[in-house]
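Participant: Sequence first, then the predicted structure, then my questions.
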Amino acid sequence: MNGCQQVFALRNYDLAATLASGQAFRWRYRDSAWHGVIGPRWVRLHAADNLLTAQTAAPVPDWNWLTHYLQLDLDLDRVLATFPSDDAMRSAVAACSGLRLLRQDPWECLASFILSSTKQIVQIQQIIALLCEHHGSAIEVAPGHAAIHAFPSPAQIAALSEAELRACKMGFRAPYLLATARLIAHGKLNLARLESMSVVEAREQLLQFPGVGRKIADCVLLFAYGFQAAFPVDVWVMKALRELYFPKRRPNPQRLLRFTESYFGTHAGYAQQYLFHYMRTRPRLA
DNA sequence: GCCCAGGTGAAGC
DNA sequence: GCTTCACATGGG
C-alpha cells in the first residue's frame, strides 16, 4: 500500500474536541476522519472505540512526532486531579472530559496566533489556509486526497511583501507576521532556545516579537512549549473568570491575572483550556 | 446597519 | 501609571 498506517490506544481522549478547540487551525473533518499537517507530513486520523488509526502519505521511520504532537502518553486523569474542586471547574470538565492540549511546532503556533487577534476561529482557519496554500511548500498526500501545503517557514514568509500577506486576508496583522518572520529568519531571535528557559524568561523572549502581547505569548508557551503555568486570557476566558469566579465584583485584568497564577494549580494552562471550551460550547442562555 | 471575534501598540490623559 | 482608540475582515 501507499504510505503507512499505525494504530494507537487512546484513553480519555476526545480527538474531535482537541483538534477543533482553537489550539491548531489546520485540521479538517472529512469522510469520518481528521486530515491535517504535522510539520512536513500530511496525516489522516481516525478515532473510534479508544483506538486511533493514523495514516501518512509516505512511510515513516518512527511515530514519535505524532505521539508527541498528540501527547498520547500523557495521563490526563492525573492532570484533571490537580484542578481546583469548584463548581465551575467541575462543570467545565464534565462538559468535555477528554479535551487535551497539543504540543505544536513553535513557529507555526506563534505565526498562527499572531494572526488570531480579534478574529473568530473559523476566520483564523481561513487566513491560515490561504497563507499555506499560497506560500507553503507542497507536500505528498495519500492517493485520492486533496493537495496540501506545509506551513510556510520563517524564511518563506520573510521573503514576501506586506501586500502579498494582506492578500491572505490577514489585514493589519500582516506587518506583525512579516516582522516576526524576519526577526527569526535573520537569526535575531531563536525559538529553539526557549525550550530550556523558565516560563518567565521564555515569555520575555516571545514578547519581543511585534504583535505579540501577553495573551499570544501565553498561547505559544502553552500550546507549543508545554509550559503548564501559561494561562492565556482571551475574551472567552475573561468572561469565564468574571462570570464564574467574580460574579459580584469587577476585578481589573491585572488582579485577575494574579488570581489565575495562584488558584488553578500546577496545570493551570490545562484548566484554562477547559474553561475556554466550556464557555464556547455551553448552551446559550435565552 | 450593528456588535463581536483566542489582541496589540500607540496615543491621550 | 491607566484608558481609549485604530487596526482589517467576516460571521451572526
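Facilitator: Received it, and whenever you're ready, just let me know what you need.
Participant: Residue A:79: what's it in contact with?
Facilitator: A:267, A:270 (Cβ atoms under 8 Å, 6 or more residues apart in numbering). The C-beta positions use only the backbone N, C-alpha and C, and glycine is treated the same way.
Participant: For the helix or strand containing it, give the mean pLDDT please.
Facilitator: According to DSSP states H and E, residue A:79 maps onto helix A:76-80. When pLDDT is averaged over helix A:76-80, the result is 98.
Participant: and what of stretch A:238-249?
Facilitator: Mean predicted confidence for stretch A:238-249 is 92.
Participant: okay, how far is it across it, tip to tip?
Facilitator: One end of stretch A:238-249 sits 13 Å from the other (Cα to Cα, to the nearest Å).
Participant: quick one: buried residues of the helix holding residue A:79?
Facilitator: A:76, A:79, A:80 (16 or more other Cβ atoms under 10 Å).
Participant: Next, the contact list for the closest residue to residue A:32 other than its chain neighbours, please.
Facilitator: Nearest residue to residue A:32, sequence neighbours excluded (Cβ to Cβ, 6 or more residues apart in numbering): residue A:46, at 6.7 Å. Residue A:46 sits next to A:32, A:33, A:34, A:52, A:53, A:55 when contact means Cβ under 8 Å, 6+ apart.
Participant: Pick the one among those closest to DNA strand C.
Facilitator: The shortest approach to DNA strand C among the contacts of residue A:46 belongs to residue A:34, at 20.7 Å (Cβ to the nearest atom of the strand).
Participant: Give me the three-state assignment for the closest one.
Facilitator: Residue A:34 falls in the strand class when you classify it by DSSP: H, G, I helix; E, B strand; the rest coil.
Participant: now swap in residue A:101 and tell me
Facilitator: What three-state DSSP gives for residue A:101 is coil.
Participant: is it true that the residue nearest to residue A:32 lies in a strand?
Facilitator: Yes - counting by three-state DSSP, residue A:46 is part of a strand.
Participant: wait, which of the buried residues of helix A:76-80 is closest to residue A:194?
Facilitator: Nearest to residue A:194 out of the buried residues of helix A:76-80 is residue A:79 (Cβ to Cβ; 22.3 Å).
Participant: who in the stretch 51-200 of chain A is up against DNA strand C?
Facilitator: Residues of the stretch 51-200 of chain A lying near DNA strand C by Cβ under 7 Å from any atom of the strand: A:118, A:119, A:120, A:122, A:123, A:126, A:166, A:169, A:171, A:172.
Participant: Kindly recompute the last result at 10 Å.
Facilitator: Within the stretch 51-200 of chain A, the residues that sit near DNA strand C (Cβ under 10 Å from any atom of the strand) are A:117-123, A:126-127, A:130, A:162, A:165-176.
Participant: In helices, which of those fall?
Facilitator: A:121, A:122, A:123, A:126, A:127, A:130, A:162, A:165, A:166, A:174, A:175, A:176 (DSSP state H).
Participant: Mind putting those residues into a markdown table with neighbour count?
Facilitator: A markdown table is the format used below for those (neighbours: other Cβ atoms under 10 Å):
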| residue | neighbour count |
| --- | --- |
| A:121 | 14 |
| A:122 | 8 |
| A:123 | 15 |
| A:126 | 16 |
| A:127 | 21 |
| A:130 | 15 |
| A:162 | 13 |
| A:165 | 25 |
| A:166 | 15 |
| A:174 | 22 |
| A:175 | 14 |
| A:176 | 20 |
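Participant: how about the CA coordinates for stretch A:146-165, as PDB?
Facilitator: What follows is stretch A:146-165, C-alpha atoms only, in PDB (Å, rounded to 0.1, in the frame of the first residue of the first chain):
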ATOM      1  CA  ALA A 146      -6.700  16.900  -2.000                       C
ATOM      2  CA  ALA A 147      -3.300  18.600  -2.500                       C
ATOM      3  CA  ILE A 148      -2.000  20.300   0.600                       C
ATOM      4  CA  HIS A 149       0.900  22.500   1.600                       C
ATOM      5  CA  ALA A 150       3.200  22.700   4.700                       C
ATOM      6  CA  PHE A 151       3.000  25.800   6.900                       C
ATOM      7  CA  PRO A 152       5.400  28.300   5.300                       C
ATOM      8  CA  SER A 153       8.800  28.600   7.100                       C
ATOM      9  CA  PRO A 154      10.000  31.900   8.600                       C
ATOM     10  CA  ALA A 155      12.300  32.300   5.600                       C
ATOM     11  CA  GLN A 156       9.500  31.800   3.100                       C
ATOM     12  CA  ILE A 157       7.400  34.500   4.800                       C
ATOM     13  CA  ALA A 158      10.300  36.800   5.400                       C
ATOM     14  CA  ALA A 159      10.800  36.900   1.600                       C
ATOM     15  CA  LEU A 160       7.300  38.100   1.000                       C
ATOM     16  CA  SER A 161       5.900  41.700   0.800                       C
ATOM     17  CA  GLU A 162       3.300  43.000   3.200                       C
ATOM     18  CA  ALA A 163       0.900  43.200   0.200                       C
ATOM     19  CA  GLU A 164       1.300  39.500  -0.500                       C
ATOM     20  CA  LEU A 165       0.400  38.800   3.100                       C
END
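Participant: Good, wrapping up.
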